[in-house]
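1. Next one to model:
(2 chains)
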Amino acid sequence: MTWAAIVAGSAACYAIKLAGVSLPQRFLQDPRIQRTIPLLPVALLAALIATQTFATGRHLVLDVRAAALAVAAIAVLLRAPFLVVVAAGAATAALLRIII
Amino acid sequence: MRSPIVRDALGIAVATGAYALSFGAISVTSGLSILQTCALSLLMFTGASQFAFVGVIGAGGSPWAGAATAALLGSRNALYGVRLSSLLEVVGVRRFVAAQFVIDESTAMAIARETRPEARLGFWSTGIAIFILWNLGTLIGALATHALPDPRVLGFDAAPPAAFLALLAPRLRSREPLAIALAAALIAVVCLPFVPAGVPLLIVAVIVVLYGLVRR
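-> Next up, the predicted model:
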């Protein structure tokens, strides 16, 4: 099932890219669509952060991942590069699991 | 004028390759095989969507919820394509090849140029260089993580939110996206106990699209 979802998800992402370079200019030029599509990544990334930090399955939990996110947020505010932000989050979780 | 464009492209590709290392590591930690991880980088080839796909699966969601989230995150590439098509003027088979290289970085490197030949060089050099190093980085990250007895010891299972935060931060430069991000996070957490894993993301997507279409 994972393989089928990989192929279907990739095909959808490719179709979206191909539509952009293929459709006549007037498609997707509607100002409402132009304003709405950039909002999707903002909302989805925020929702992903919240669900993957505060949930295990369908249960809300508060654990080391919240501390990992806080440290990652500090790294972002300090304008750290992408890899440093990810490493800071992972290292915080790993260290806290050893300590606690 | 040509060599600085190619040099910039290689610089961005090296940085993106390092970012691919973390994708490979997170994907394998989320339970995907090395082959599945590499297939995502080859076929999907759009970073945020790939992170979302493996993030949803790692959190216990269905692969189909992951695929739907990946597609929704990839919708911005259609807007990039619209902006690029007048610059690139690609036809026939080349259009099908160019489409796969339409991502954040190649678009940024093309639309910043003053002339069309420079825009084309920026797009193709960035797209091809990133494609090579993104897939190479993914493979190395996946192989290295697979060799670890338990990747969770390194905290890689807690890494996806940090990666998403790093992707989100540059988009929060004004008040409206910040408010949307906070509302989306709240809505996702509130409906999470009542629906299967991955579905809160789709609910958030529907709400934000409705909001975008009705507001003035």
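2. all contacts plus neighbour counts: C-alpha atoms, from now on.
-> Noted.
3. Residue B:135: neighbouring residues, count only.
-> 22 (other C-alpha atoms under 10 Å in any protein chain shown).
4. now the one 10 residues further on
-> Per other C-alpha under 10 Å, the neighbour tally for residue B:145 reads 24.
5. Equivalent analysis for the one 3 residues further on, please.
-> Using other C-alpha under 10 Å, residue B:148 has 12 neighbouring residues.
6. next one: the one 10 residues further on
-> A total of 29 residues lie near residue B:158 under the criterion other C-alpha under 10 Å.
7. Just to check, it is in contact with residue A:95?
-> No: in this structure residue B:158 lies outside contact range of residue A:95 using C-alpha atoms under 8 Å: 11.6 Å.
8. mean confidence for stretch B:22-42?
-> In this model, stretch B:22-42 has a mean pLDDT of 96.
9. Show me what secondary structure element comes after the lengthiest helix in chain B.
-> Identified as the longest helix of chain B according to DSSP state H is helix B:116-146. Remark: after helix B:116-146, the chain's next helix or strand is helix B:159-168, criterion DSSP states H and E.
10. re the thing from before, next one: the longest helix of chain B to chain centre, how far?
-> 13 Å (C-alpha atoms, centre = their mean, to the nearest Å).
11. same check, this time on stretch B:38-52
-> Distance, centroid of stretch B:38-52 to centroid of chain: 7 Å (C-alpha atoms, centre = their mean).
12. Endpoints of it, how far apart?
-> The straight-line separation of the ends of stretch B:38-52 (C-alpha to C-alpha, to the nearest Å) is 15 Å.
13. try stretch B:57-70
-> Span of stretch B:57-70 from end to end, C-alpha to C-alpha: 12 Å.
14. same question, stretch B:88-106
-> Stretch B:88-106 end-to-end distance (C-alpha to C-alpha) = 12 Å.
15. Tell me which residues of that stretch come out buried.
-> Buried residues in stretch B:88-106, counted by 16 or more other C-alpha atoms under 10 Å in any protein chain shown: B:88, B:90, B:95, B:96, B:98, B:99, B:100, B:101, B:102, B:103, B:105, B:106.
16. angle of the helix or strand where the fifth one lies against helix B:116-146?
-> Using DSSP H and E, the element containing residue B:98 is helix B:93-100. On the basis of axes from the mean of the first three to the mean of the last three C-alpha atoms, to 10 degrees, helix B:93-100 is oriented at 50 degrees to helix B:116-146.
17. List of residues touching helix B:93-100?
-> For helix B:93-100, the surrounding residues in contact (C-alpha atoms under 8 Å, 6 or more residues apart in numbering or on different chains) are A:14, A:17, A:18, A:21, A:22, B:45, B:81, B:90, B:124.
18. Least confident of the residues you listed?
-> Ranked by pLDDT, those bottom out at residue B:90 (85).
19. Is there proximity between stretch B:134-153 and chain A?
-> Yes: residues of stretch B:134-153 contacting chain A under C-alpha under 8 Å from any C-alpha of the partner chain: B:152, B:153.
20. And the longest helix seen in chain A, how far out from the chain middle?
-> Ranked by number of residues, the top helix in chain A under DSSP H is helix A:2-22. Mean C-alpha position of helix A:2-22 versus that of the full chain (C-alpha atoms, centre = their mean) differs by 18 Å.
21. Correct me if wrong: residue A:65 contacts residue A:93.
-> Yes: under the criterion of C-alpha under 8 Å, residue A:65 makes contact with residue A:93 at 6.1 Å.
22. what about stretch B:59-70 and chain A, any contact?
-> Yes: applying C-alpha under 8 Å from any C-alpha, one finds stretch B:59-70 touching chain A at B:59, B:60, B:61, B:63, B:64, B:66, B:67, B:68, B:69, B:70.
23. before we move on, what about stretch B:200-216?
-> Yes: applying C-alpha under 8 Å from any C-alpha, one finds stretch B:200-216 touching chain A at B:200, B:201, B:204, B:205, B:208, B:209, B:212, B:213.
24. Locate the fourth one within the secondary structure: which element?
-> Counting by DSSP H and E, the element that carries residue B:205 is helix B:199-214.
25. Just the CA coordinates for that helix, please, in CSV.
-> Extracted C-alpha coordinates of helix B:199-214, given in CSV (Å, rounded to 0.1, in the frame of the first residue of the first chain):
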residue,chain,number,x,y,z
VAL,B,199,-7.2,13.5,8.3
PRO,B,200,-6.8,16.7,10.4
LEU,B,201,-4.4,18.0,7.7
LEU,B,202,-7.1,17.5,5.0
ILE,B,203,-9.7,19.3,7.2
VAL,B,204,-7.2,22.2,7.6
ALA,B,205,-6.7,22.3,3.9
VAL,B,206,-10.4,22.5,3.1
ILE,B,207,-10.9,25.3,5.7
VAL,B,208,-7.9,27.4,4.4
VAL,B,209,-9.1,27.0,0.8
LEU,B,210,-12.6,28.1,1.7
TYR,B,211,-11.1,31.1,3.7
GLY,B,212,-8.9,32.1,0.8
LEU,B,213,-11.8,32.0,-1.7
VAL,B,214,-14.3,33.9,0.3
